[in-house]
Every structure is written in C-alpha cells, then in structure tokens.
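Trainee: fold the following and give me the result.
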Amino acid sequence: MLDRISESKFLLYETDDGKINVDVVLKDENIWLSQRGMAELFDVEQPAIAKHLINIYADEELTKDSTYSKMELVQKEGNRSVKRSIEIYNLDAI
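Mentor: Just a heads-up that it's a prediction; the model follows:
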C-alpha cells in the first residue's frame, strides 16, 4: 500500500546536543521510521538495520504486512516536483 506523506504527520527528533536528528512519521496511531532513520537512532550503519529486518522477517518474529509500509514523498528538485517512494517500518520493527 502506498500512502502519501502529506496525509501523515511528521515529527523531528533531535537530541539536546544536536547529534541525532531523526524524521518520524505518525500514521495510523503508530510511529514509523525509515531504515535510515533507525540507523541514525541506534547510531549504526543502514546495512546493519537492513540485515536485522531481513532476519526478523525470515525468522517470522514479525510479519512484514503488519510492520512495513511504503509512502510517497514529493520533493522539489530545482523547478520540478519529484515523487519518491520510501519504505517505513512501525514501532514493532523499530
């Protein structure tokens, strides 16, 4: 399912020292982060997050259908608007 970012709320989390800056999506009364956001939150590289998620789904600790979503993000690039699809994961996967 592809949702539009504009239909969801965003929070920006930043530590007092400004070292961690994470975009959080609020959707369906849940918190969602991208793999990049999780990597920033846990201070690891994104491939480590991807590996953990692959193992979690392979071991059936969680189902992808209930913890994963794609959202459409519209970004301005110069004079044009570009649509990008981002993968996000809910609090259970985080």
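Trainee: can you get me a residue count around residue 25?
Mentor: 23 (other Cβ atoms under 10 Å). Just so you know, the C-beta spots here come from the backbone N, C-alpha and C atoms, and that holds for glycine as well.
Trainee: actually residue 39, not the one I typed
Mentor: Residues within reach of residue 39, counting by other Cβ under 10 Å, total 18.
Trainee: show me how far whichever strand or helix holds it is from its chain's centre.
Mentor: Under DSSP states H and E, the secondary-structure element containing residue 39 is helix 35-42. Centroid separation between helix 35-42 and its chain, computed with Cα atoms, centre = their mean, to the nearest Å, is 8 Å.
Trainee: ranges for the helices of this protein?
Mentor: Using DSSP state H, the helices of the chain run over residues 35-42, 46-58, 64-67.
Trainee: and the longest one, how far out from the chain middle?
Mentor: Just to be clear, that refers to helix 46-58. Counting by Cα atoms, centre = their mean, helix 46-58 comes out at 14 Å from the chain centroid.
Trainee: same question for the shortest one.
Mentor: Between the mean C-alpha location of helix 64-67 and the chain-wide mean there is a distance of 13 Å, by Cα atoms, centre = their mean.
Trainee: check which helices and strands it sits against.
Mentor: If contacts are counted by 3 or more Cβ pairs under 8 Å, 6 or more residues apart in numbering; DSSP states H and E, helix 64-67 sits against strand 80-90.
Trainee: the strand it packs on pairs with which strands?
Mentor: The partner list of strand 80-90 in its sheet, established with DSSP bridges, is strand 30-33 (antiparallel), strand 68-77 (antiparallel).
Trainee: name the residues that touch that strand?
Mentor: Outside strand 80-90, the residues that touch it by Cβ atoms under 8 Å, 6 or more residues apart in numbering are 2, 25, 27, 30-35, 38, 53, 66-76.
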